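Asks: Turn this into a model:
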Amino acid sequence: MPHVIVKLYAGRSEQQKARIAEEVTKAIMAATGNGESSVSVSIEDVQPSDWTEAVYRPDILEKPDTLYKKPGY
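Replies: Sure thing, here's the model as predicted:
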């Protein structure tokens, strides 16, 4: 606890994904007080053509009560 899932357009390098995971881990640790060993981060690549059906509709539109940062699109 906690586990964070980052969904983003496909095409990021393994180095970029590792950096994202590191930065998300730091932010979670700072905000929750959890140690690094308690945090896990996964990254899911999504093709741009699949974004609406795979992410926007199910994770953003259909779950407004869980959304703490809304997209600007």
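Asks: Now name the helix or strand holding Gln15.
Replies: Secondary structure from DSSP states H and E places Gln15 in helix 14-32.
Asks: Over to Ile43?
Replies: Here Ile43 is assigned to strand 40-46, by DSSP H and E.
Asks: what helices or strands is that strand leaning on?
Replies: Secondary-structure packing of strand 40-46 (3 or more C-beta pairs under 8 Å, 6 or more residues apart in numbering; DSSP states H and E): strand 3-9, helix 14-32. Bear in mind the C-beta positions are built from the backbone N, C-alpha and C, glycine included.
Asks: The spatially closest residue to Asp45 that is not a sequence neighbour and Ile28, how far apart?
Replies: Ranked by C-beta to C-beta, 6 or more residues apart in numbering and with sequence neighbours excluded, the top spatial neighbour of Asp45 is Ala10, at 3.8 Å. For Ala10, the distance to Ile28 equals 24 Å [C-beta to C-beta, to the nearest Å].
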